[in-house]
Structure formats: C-alpha cells, structure tokens
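Novice: Model the structure of this input:
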Amino acid sequence: MSDTQIKKIIEDFGSATKRAIDCGFDGVEIHGANHYLIQQFFSKWSNKRNDFWGGSLEKRMNFAKSVTDKVFKTAKKYAPKDFIIGYRISPEEIHDTVGYTWHESTQLIKTLTSEFDFDYIHLSLPEYNSKPNDSDKSFAELFQPALGDAVKEIIVGNIMNESDAEDAIRYADLVAVGRATLIDPQFGLKIQEGRGNEIIEKISPEQVKKSHLTPGLINIFSDPKMEPHLSGRESIYDLHQRGTLDESVIKNGTGASYNLDNFKK
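Specialist: Numbers count the residues shown, from 1 in each chain. Now for the predicted structure:
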C-alpha cells in the first residue's frame, strides 16, 4: 500500500468509530489481533516495509499507534466521556522464527497504554491459560505489568462452562465468552442464578434444528476441525450432507429466512 492509502485507512478507523458512536454503542474495540491488518503491520512476517510503517520494532508499531490516535481523537470529539475503548491483541505470532513474540507485543501494549487512556486490553488466546514456550507464566500474567493499574485485562479461550469461567477469572479482570454463548445464550445468566450445571456445552441434532444460530455460524460449526462438536465429538457436517436441516434452522434473529439449498451438498 502507498502512504496515501495507509493514511486513508487510518481515517476510515475514525469514521467507523464515529458510526459506532452515532449508533449508540457504549464503546469500540480496536482489533489488533488474529492476523487482521493492524497485526499484519506489527508482524515482521507480513510487514516487509522499510519506511515509517515498517522495519524496526518501533516503526512496526506506528500503524497501531496511528489507528489508536485516530480512534481516541474521534471519541473525544463525538462520544460521551464514559465511552469505552479497548484493544485486542494476539500475544504471539510465530512462523518458524519470524513474526513477533510476547516480548515484543508487551512492548507494544506498554507503549499504547502509556500514550492512550485505554479502558482494557483483550488478549486473544487459544486457551485462557495459554503460556509461551519460554515462560512458566500464562500470557495473562505476563501482560499485566504492561497494563498499569488503571487498564483492565480481558482474556478469552475455550471457556465453555462455569468451572472454566471461575478458573479463568483468576488470571484477569474479565473473561470473554464467545462460542459458549452461541451454544447457550443464557450462559452468564445461568451462572448468575446458580444454575451453572444447566449450561449447554454440546450441540445436539435436535438443538441444531431449533437453533438460534445464523447460517454462517452453522457452516462454521459444520467444519470437522472446528469446535464445538456434537456429543461424541462428531461434526454436524453430516446433517448438512443429509439435508436434515429444516427451515427452522435457517432463520436468523430477525426472522429472515435463507435458501435451504445453500446448506445441502
């Protein structure tokens, strides 16, 4: 990308923040994780530039810093004072020996939290208690010194039941639950009401047919390599192949239906 294109994208982050404010959202999260563009600029594996936007570690931070600056300036101008801003990051990205390690990503987070008043940092993890190869401490523990006292830490990663959530909260200030709430939207409520033993952890064929899941999510959960599975660890992919997903499966929350043929081989 040219310098002009990069600056236009940075402006677009500001525009997206303004739209979120106009829509009444309580905050925004800057997505610097999971191989998306901000991470691509930070990673030595994908960033081959030798200019303001790449080269040294400090220069590979510049895109993240510029995006963050635009988001905060937009929020200051248009948002209420209690508008929340967070930053999501993958602690490591290593391709053989190229990419970045937690040693570098904690430097990025320390830089961002010292220059901007983030409310939280969100660590994207495969397991909430994941550890790097060169430490006995979890990523959550290793990042805490970079946050300071005011910035909260959120962790995520395979939190599927009450026991997982109770263990995970020992590592951070907050835990994020994604897939588990897609399987059981009452995940948090059941824990709050002392009904954690009633949390649904596995998708059954009957549940799929009555599912609140959108077609896109059903497709994702149909991947044999993707969690969650049916009881017995098999995928729901066969349900698609057999054409057993009826119309009740393919309605989203607004009642809009989708073509069932899209779900058949």
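Novice: Starting from Asp12, give me the distance back to Asp173.
Specialist: Distance from Asp173 to Asp12, counting by Cβ to Cβ, to the nearest Å: 30 Å. For the C-beta atoms, the positions are set from N, CA and C on the backbone; glycine is no exception.
Novice: These two: who's more crowded?
Specialist: Asp173 (15 against 12; other Cβ atoms under 10 Å).
Novice: Quickly note the distance from the more buried one to Ile9.
Specialist: Asp173 is 31 Å from Ile9, by Cβ to Cβ.
Novice: Ok, Thr181 next?
Specialist: Thr181 is 31 Å from Ile9, by Cβ to Cβ.
Novice: got it, and Ala64?
Specialist: 12 Å.
Novice: who has more neighbours, these two?
Specialist: Ala64 (22 against 16).
Novice: My read is that the more buried one contacts Gln40, right?
Specialist: No. Using Cβ atoms under 8 Å, Ala64 is not in contact with Gln40, being 10.6 Å away.
Novice: For my notes, confirm Ala140 occurs in a helix.
Specialist: Yes. Counting by DSSP: H, G, I helix; E, B strand; the rest coil, Ala140 is found in a helix.
Novice: Tell me the pLDDT of it.
Specialist: Note for Ala140: predicted pLDDT of 97.
Novice: Near the nearest residue to it once chain neighbours are set aside, how many other residues are there?
Specialist: Of all residues not flanking Ala140 in the chain, Tyr171 sits nearest, at 4.0 Å (Cβ to Cβ, 6 or more residues apart in numbering). The tally of other residues near Tyr171 (other Cβ under 10 Å) stands at 20.
Novice: Could you do Phe187 as well?
Specialist: Phe187 has 23 nearby residues by other Cβ under 10 Å.
Novice: Could you list the low-pLDDT ranges of the stretch 101-250 of the chain?
Specialist: 203-250 (pLDDT under 70).
Novice: mind listing the helices in the stretch 1-150 of the chain by residue range?
Specialist: Counting by DSSP state H, counting those that start in this stretch, one finds helices in the stretch 1-150 of the chain at the ranges 3-22, 37-42, 57-60, 62-78, 102-115, 139-147.
Novice: highest average neighbour count across those helices?
Specialist: Mean neighbour count (mean count of other Cβ atoms under 10 Å) peaks for helix 37-42 among the helices of the stretch 1-150 of the chain, with a mean of 22.
Novice: could I get that helix in CSV with only the CA atoms?
Specialist: The C-alpha trace of helix 37-42 is given here as CSV (Å, rounded to 0.1, in the frame of the first residue of the first chain):
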residue,chain,number,x,y,z
LEU,A,37,-4.4,-5.5,9.2
ILE,A,38,-3.1,-4.0,12.4
GLN,A,39,-1.4,-7.2,13.3
GLN,A,40,0.0,-7.5,9.8
PHE,A,41,1.7,-4.2,10.2
PHE,A,42,3.2,-5.3,13.6
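Novice: Need the contact partners of it.
Specialist: Here helix 37-42 makes contact (Cβ atoms under 8 Å, 6 or more residues apart in numbering) with 9, 30-33, 46-47, 53-54, 60-64, 67, 89-90, 93, 100, 104-105, 108.
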